[in-house]
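*Asks:* give me a model of this one.
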Amino acid sequence: MDVVYTWVNGSDPRLLTIKEEYQDRSPFFQAYRAPDETRWAKFRNAGIIRTPSAAASATDLTSNRFRDMNELKYSVRSVSKYFSRSLFNRIHILTTAVDEKNEEIQVPSWLDLESSGDRVRMVPHGAIFDNSSDLPSFNSLAIESQMHHIPGVTDIFLYLNDDVFLGKEMGASDIWTPLYGFVFHMEPTLLVSPTILPAPQNTLSIGEWNSLQYSNHLLSRQFGPRFRSYLAHVPHVLCTPMLQEIQQIWPEEFAETSSHRFRGEGGAHDVQVSFFMAHYVMERLRETQLASFWNYRLDANLDGTLDWAERNQFLDRLRTWNGAQAKIAELLNSAQGYKFVSGFNTSLKDHEALLARLGFPRSGSSDYKLSGLDGYPFMIQTNEFELIQSLNGTTTPPSPPPSNKDAPYSPYFPVDHRLCYFDIDRCLGPQFSDKSIATLDKQTSSQIFEDLAFAKFQCGDCLLHMLRQSSSLTSPTRSTSSSSGGSSGLGGEILPLSTQSPAFRQVIADLNKYNFVIATSPYSFVQLHEPQDARTKLDLIKSREYVEAFFCINDNAGENPTTVDQIRAVFADFLEARFPTPSPWEK
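*Replies:* Presented below is the predicted three-dimensional model:
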């Protein structure tokens, strides 16, 4: 697997000249330049900026995004120390040109390209951007949207910002395995709204939440308007073919993101690639599972329509499920109390031994918590449908975060302890239960599926949960370790019955393609604001040297030269103490 970095030396005078030139042309920065001196006066009086030039002032206000504190050198040292030698292929460092002809690129002063051979490659932005007229780019989100165009990059690669560091040995099982797919690290209690944030006013400091909510808005239009979990500040697994697939579906959105030279242009409507891919994978696995059940198991005779016998059998099953769920809920709320007892086995049963046998042993840096083959990990806890009701018939989902009862289950909450009620009338509509309608034609059946799977996504989540629970409860002794679902576990409920059919082969391929696990790792995310606080935070990370798998250290030092210099010194001492051994690619 390859490692990919985005990097820039924002202190390079050549880059600053080019950057200021394009800031002067940018509509986003036009609002901050003369003759509106009153706006700049506010920043000058606060001591934030020191020059009267609009371009230079804008540079001051956003320079912490570009300031180089030598993070890349030590992040690469962390990769050299902790990334399994049998796993590591090469490092790609994305860099910018600093001359008018786009021929001279920035190269870290410490990097010895001659001796590194092909193990470390400097990749100019011109080699990856679809549209060269979008260059030069000073927007990390735009650059990230083009990463899958890196020449020769491996299909699965690890993406790091230069302020992200490995803290423990890392193996393939922390990134991707053929049995369990992508390894995603989420923050399940930090939810991103599907509503687009309005473009920020009177500020040049555009954070990540505008791009996150814009990305979730795009996902919501395709898969249903749900609050989606934030991706943790750790190294992110990305997939070249997957990002190509995503770009083919959203070509205009990727082109727009690429065209925004500075973060905040275009109303801050940028695709956030890592968040987008993780949730796209989760949604496509869910869609594959639901569609396979609907098309190849519910439609028992495979004629594309749903006759009354097929529907009635399904309705009986749903009523039995709802009755059992209601009984459990009643017992849980009673004075008697209730302990969950089931034969449910997750697809992660014996996963460590299975991975070790396959040559993907656990490194100790990630713990698998929930597999996508066990259903959608973030199904909503409530048995009611208030959130769905509030979304039905509207194009703009509510922007406030969901209430406690509408919050999703954590992926760490045991799957077999989850409850859900399948509201038959709301999820399937009145036609489905009307036995006077002998057959629902293909178009009607497809529309009902679209509604329950996406518009009323809670219905689809509950259906998957029911199928997965039923598969184990029917035969608790079945093996559930197959990555494709096999004939056991959820696969036993959704796969086409004919193993020789093209449909079976396609479903198996898609289950493997979109497979994933949610994992946890000990990690830290810290921001350096002022010297003493920085020292305290960095000392804590140092004390957890044998605990934390990853840590991210964010430069948020402001623009006071004395403060910046002091934090730079504290940070440099920490990095040299934590990673004293040079990587093989240093001068």
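*Asks:* by mean pLDDT, flag the weakest helix or strand of the protein.
*Replies:* Sorting the helices and strands of the chain by mean pLDDT, DSSP states H and E puts helix 386-391 at the bottom, at a mean of 38.
*Asks:* which SSE is immediately downstream of that one?
*Replies:* Once the chain leaves helix 386-391, the next helix or strand it forms, by DSSP states H and E, is helix 424-428.
*Asks:* so what are the sheet partners of whichever helix or strand comes after that following helix and their directions?
*Replies:* Helices and strands here follow DSSP H and E; after helix 424-428, the next one along the chain is strand 439-440. Strand 439-440 pairs in its sheet with strand 306-307 (antiparallel), by DSSP bridges.
*Asks:* now do the strand it pairs with: distance to the chain's middle.
*Replies:* Mean-position distance between strand 306-307 and its chain equals 38 Å (Cα atoms, centre = their mean, to the nearest Å).
*Asks:* what comes into contact with that strand?
*Replies:* Applying Cβ atoms under 8 Å, 6 or more residues apart in numbering, the contact partners of strand 306-307 are 298, 299, 301, 432, 438, 439, 440, 445. Bear in mind the C-beta positions are built from the backbone N, C-alpha and C, glycine included.
*Asks:* and with 10 Å instead?
*Replies:* For strand 306-307, contacts defined as Cβ atoms under 10 Å, 6 or more residues apart in numbering pick out 294, 298-301, 314, 431-432, 437-442, 444-445, 448-449.
*Asks:* end-to-end on stretch 197-205?
*Replies:* One end of stretch 197-205 sits 14 Å from the other (Cα to Cα, to the nearest Å).
*Asks:* biggest strand in the chain by residues?
*Replies:* As assigned by DSSP state E, the longest strand anywhere in the chain is strand 181-192.
*Asks:* the next helix or strand after that strand to strand 181-192, inter-axis angle?
*Replies:* Heading C-terminal from strand 181-192, the first helix or strand you meet, by DSSP H and E, is helix 209-223. Per axes from the mean of the first three to the mean of the last three Cα atoms, to 10 degrees, the angle that helix 209-223 makes with strand 181-192 is 110 degrees.
*Asks:* how far off centre is the next helix-or-strand element following helix 209-223?
*Replies:* Sequence-wise, the next helix or strand downstream of helix 209-223 (DSSP H and E) is strand 228-231. How far strand 228-231 lies from its chain's middle: 7 Å, per Cα atoms, centre = their mean.
*Asks:* what's strand 228-231 packed up against?
*Replies:* Counting contacts by 3 or more Cβ pairs under 10 Å, 6 or more residues apart in numbering; DSSP states H and E, strand 228-231 packs against strand 181-192, helix 209-223, helix 273-293.
*Asks:* and of those, who's closest to residue 21?
*Replies:* helix 209-223 (24.9 Å; Cβ to Cβ).
*Asks:* next, the buried residues of the closest one.
*Replies:* Neighbour-count burial for helix 209-223, counted by 16 or more other Cβ atoms under 10 Å, picks out 210, 211, 212, 213, 214, 215, 216, 217, 218, 219, 220, 223.
*Asks:* then stretch 295-311?
*Replies:* So for stretch 295-311, counting by 16+ other Cβ under 10 Å, buried means 295, 296, 297, 298, 299, 305, 306, 308, 310, 311.
*Asks:* distance across stretch 198-218, terminal residue to terminal residue?
*Replies:* Chord length of stretch 198-218, first to last residue, is 15 Å (Cα to Cα).
*Asks:* gap between it and the chain center?
*Replies:* 17 Å.
*Asks:* same question for stretch 559-566.
*Replies:* The chain centroid and the centroid of stretch 559-566 are separated by 34 Å under Cα atoms, centre = their mean.
*Asks:* stretch 111-119 now?
*Replies:* 32 Å.
*Asks:* stretch 97-105 now?
*Replies:* For stretch 97-105, the distance to the chain centre is 33 Å (Cα atoms, centre = their mean).
*Asks:* do the same with stretch 140-148
*Replies:* 14 Å.
*Asks:* CA atoms only: put it into PDB for me.
*Replies:* What follows is stretch 140-148, C-alpha atoms only, in PDB (Å, rounded to 0.1, in the frame of the first residue of the first chain):
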ATOM      1  CA  SER A 140      -6.500  21.300   0.300                       C
ATOM      2  CA  LEU A 141     -10.100  20.100  -0.400                       C
ATOM      3  CA  ALA A 142      -9.600  20.700  -4.100                       C
ATOM      4  CA  ILE A 143      -6.300  18.900  -4.000                       C
ATOM      5  CA  GLU A 144      -7.800  16.000  -2.100                       C
ATOM      6  CA  SER A 145     -10.500  15.700  -4.700                       C
ATOM      7  CA  GLN A 146      -7.900  14.800  -7.300                       C
ATOM      8  CA  MET A 147      -5.700  12.400  -5.300                       C
ATOM      9  CA  HIS A 148      -7.000   9.300  -7.100                       C
END
